[in-house]
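Trainee: got a predicted structure here, sequence first:
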Amino acid sequence: MFNKKLLIPFVIFIIGAAFLATPLLKGSDPSKLESALVGKAVPDFTLQDIYDENKQYDASIFKGQKMLLNVWATWCPTCYAEHKYLNELANQGLYIVGMNYKDDRKKAIRWLNDLHDPYKISLYDDSGMLGMDLGVYGAPETFLIDSNGIIRYRHVGDLNQQVWDDKIKAIYEEME
């Protein structure tokens with residue numbers, strides 16, 4: 001015999017499962033998260049340098065030349081996977097700013113010393129406030145920023161040769 005007391009929780013479960021499964025069934029790609037900041041300036045901030053607690057940076061560092069802003073953390077295995085490619089891009093002359101996100105400073109410095117530091121500037125966002133202002137969901141994320149400090153593109157996930165060739169290179173080359 002059917003127990004009517006189980007009907008309401010079962011219906012709630014089915015509705016919830018359908019709601020959560022809808023993006024997957026539509027082929028939603030989490031790496032294509034839109035950013036409300038594309039076309040806008042990098043938000044104002046003041047953050048410490050990862051190596052020197054007495055040195056601080058603000059949004060003015062994003063003006064003067066086109067660059068990448070790479071959000072990373074030592075607790076992020078995908079960040080580890082992309083780090084070698086970031087070093088390759090830096091060796092090709094790309095200006096990259098790194099933002100260590102919600103991490104331990106000592107671990108981050110050890111990481112950069114061990115794996116080589118591809119960043120011209122290394123920001124330390126231990127509280128995640130700039131990350132939140134940028135709409136960061138997690139690490140890694142990479143933003144293309146033009147010479148006026150305007151965000152032109154946001155990539156969620158690891159940056160690798162295929163992503164660079166298929167999605168980012170053309171946008172980067174078209175920027176001022």
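Mentor: Everything's here; your move.

Trainee: going forward, measure contacts and count neighbours with C-alpha atoms only.
Mentor: Noted.

Trainee: any buried residues in stretch 102-119, and which?
Mentor: 102-105, 108-109, 117-119 (16 or more other Cα atoms under 10 Å).

Trainee: pick the one among those closest to Asp158.
Mentor: Among these, Pro118 lies closest to Asp158 (Cα to Cα), at 15.0 Å.

Trainee: phi and psi next, for that closest one.
Mentor: phi -80, psi 0 (degrees, to the nearest 10).

Trainee: off-centre distance for the host helix or strand of Tyr172?
Mentor: Taking DSSP states H and E as the definition, Tyr172 sits inside helix 169-174. Taking Cα atoms, centre = their mean, to the nearest Å, one finds the center of helix 169-174 at 18 Å from the center of the full chain.

Trainee: find the residue closest to the residue most central in space within the chain in space, skipping its chain neighbours.
Mentor: The chain has Glu141 as the residue nearest its centroid, 1.8 Å off, counting by Cα atoms, centre = their mean. Using Cα to Cα, 6 or more residues apart in numbering and skipping the chain neighbours, the partner closest in space to Glu141 is Val156 (4.5 Å).

Trainee: what about the host helix or strand of Leu112, average pLDDT?
Mentor: In this structure, Leu112 sits in helix 105-115 according to DSSP H and E. Averaged over helix 105-115, pLDDT sits at 98.

Trainee: just name the shakiest helix or strand of this structure by mean pLDDT.
Mentor: Counting by mean pLDDT, DSSP states H and E, the chain has its least confident helix or strand at helix 7-25, which shows a mean of 63.

Trainee: quick one: residues in contact with whichever strand or helix holds Val163.
Mentor: Counting by DSSP H and E, the element that carries Val163 is helix 161-163. Residues outside helix 161-163 that contact it (Cα atoms under 8 Å, 6 or more residues apart in numbering): Tyr85.

Trainee: also stretch 106-123?
Mentor: So stretch 106-123 is contacted by 47-51, 57, 73-74, 83-84, 86-87, 90-91, 95-100 (Cα under 8 Å, 6+ apart).
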